[in-house]
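Chemist: Give me a model of this one.
(one chain, ligands or ions: 1)
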Amino acid sequence: MSVTHIAAPPVVLEDRIIQRCSLCGMKLIDMPKPSIQDEKPPDKPWIPGKFISVSEDFQVMMPFTDYIPTDLCYYVVSLNTESLSIGDL
Ligand SMILES: [Zn+2]
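Modeler: Residues are numbered from 1 along each chain as shown. Alright, predicted model coming up:
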């Protein structure tokens with residue numbers, strides 16, 4: 001089962017980049033800050049505002065659509081729920 005989240009702007013904190021969902025707050029990315037010596041630019045963090053489909057161990061940025069995905073976290077997860085771990089969905 002996948003759930004679609006909306007990427008919030010990434011936060012650079014010391015040597016890490018953290019990016020959460022702008023709706024439910026689930027952590028999408030927690031990765032080392034890329035080095036300028038990296039040969040190719042990383043595909044993450046995601047572009048803020050994009051739909052990100054998340055399954056148990058895989059994330060993918062969805063192509064542009066003019067409709068809201070039916071598995072959007074807003075519909076799937078209660079915003080009052082303490083635990084928003086993907087494993088609980
Ligand atoms: Zn979300």
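
Chemist: what does the chain have sitting close to the ion?
Modeler: Contact residues, the chain versus the ion (CB under 5 Å from the ion): 5, 21, 23-24, 26, 73. Just so you know, the C-beta spots here come from the backbone N, C-alpha and C atoms, and that holds for glycine as well.

Chemist: what do you get if the cut-off is 8 Å, keeping everything else the same?
Modeler: 3-6, 21-26, 72-74, 77, 84 (CB under 8 Å from the ion).

Chemist: Looking at those residues, which are in helices?
Modeler: 73-74 (DSSP state H).

Chemist: Sort out which of the residues of the chain next to the ion are buried, if you could.
Modeler: 3-6, 21, 24, 26, 72-74, 77, 84 (16 or more other CB atoms under 10 Å).

Chemist: What is the lowest-pLDDT residue among those?
Modeler: In terms of pLDDT, the lowest of those is Leu84, showing 49.

Chemist: ok so, going back, which one of the residues of the chain next to the ion is nearest to Gln59?
Modeler: Lowest distance from Gln59 to the residues of the chain next to the ion (CB to CB) belongs to His5, with 8.8 Å.

Chemist: which ones are touching the closest residue to the closest one other than its chain neighbours?
Modeler: Residue nearest to His5 in three dimensions, not counting chain neighbours: Cys21, with 3.6 Å by CB to CB, 6 or more residues apart in numbering. By CB atoms under 8 Å, 6 or more residues apart in numbering, the contact list for Cys21 reads 5-8, 28, 52, 73.

Chemist: Quick check: which element contains the residue nearest the centre of the chain?
Modeler: Nearest to the mean C-alpha position of the chain, by CA atoms, centre = their mean, lies Leu28 at 3.5 Å. If you go by DSSP states H and E, Leu28 is part of strand 27-32.
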